[in-house]
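Q: for reference, the sequence and a predicted model appear below.
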Amino acid sequence: MPSGFQNDSNQLQSEMYRVVVTMGNGTYYPTASGTVADNGGVTPTSSDSFSTANAPTTLAKGQNRARGNMRFRNVVNRLTGLADCQIRDITITEANADAQATSLAFTVAYERPGFIPVTGTAIDGSTAITTTAIAIQNAVAQGIRDATTAAVRVFDPTVGSGDTQLSLSVTASGATAIQTFATVGVTLIDESTLFD
């Protein structure tokens with residue numbers, strides 16, 4: 001006797017993707033100290049992520065760190081714009097709080113990846129978006145390139161609390177859209193599949 005169970009496209013079918021952003025190229029991800037809106041790379045750390053002993057040593061380096069965090073938030077916004085997701089297992093490679101990250105890796109988990117649109121062309125102008133992995137790669141690259149202005153917390157070693165509120169802007173890093181897209185790698189690492 002049938003149980004009445006039927007597969008449904010709205011059912012949870014989780015997939016997890018590992019995203020790696022390679023930022024070692026100083027032209028694509030400028031590392032100059034200063035108040036330049038394309039500096040800062042991409043980082044999940046913010047002004048309250050450091051102990052006093054391991055914190056940015058100048059306001060300019062604190063601003064770069066805050067810009068990197070703004071880009072990370074742009075990436076998260078782009079990923080959640082595809083479908084509901086979770087960001088897990090973040091790994092960042094950086095020498096210290098003054099140094100810009102050279103690599104950022106994280107896992108993005110989608111419970112309903114079938115809702116992610118896999119149509120159109122990526123921001124590099126030539127890659128067809130035919131898989132979920134390419135759609136995610138494109139969303140991450142778009143987030144990195146999004147221009148944003150926001151009032152954010154910035155680590156400032158000249159302030160007693162080490163923290164100040166500033167209006168900062170981020171622009172696309174020094175890379176072209178093609179170059180940014182190429183610095184993002186996405187790999188399917190786990191999935192559960194519904195069977196008919």
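A: Structure received.

Q: count the residues that sit near Gly62.
A: If you count neighbours by other Cβ atoms under 10 Å, Gly62 ends up with 27. (C-beta placed from N, C-alpha, C; glycine too.)

Q: one more: Ala128?
A: By the criterion of other Cβ under 10 Å, Ala128 has 11 neighbours.

Q: got it, and Thr31?
A: Using other Cβ under 10 Å, Thr31 is surrounded by 18 other residues.

Q: pLDDT at the residue lying closest to it once chain neighbours are set aside, what is it?
A: Distance criterion Cβ to Cβ, 6 or more residues apart in numbering; nearest residue to Thr31, sequence neighbours excluded, is Gln100 at 4.6 Å. Gln100 is assigned a pLDDT of 87 by the prediction.

Q: hang on, Gln100 packs against Asp38?
A: No - here Gln100 does not reach Asp38: they are 11.7 Å apart, not a contact under Cβ atoms under 8 Å.

Q: looking at those two, which is more packed in?
A: Gln100 (24 against 18).

Q: other residues contacting the host helix or strand of Thr149?
A: Per DSSP states H and E: Thr149 is located in strand 148-155. By Cβ atoms under 8 Å, 6 or more residues apart in numbering, the residues outside strand 148-155 that reach it are 46-48, 50, 55-56, 59, 62-63, 65-66, 69-71, 74, 97, 162-170.
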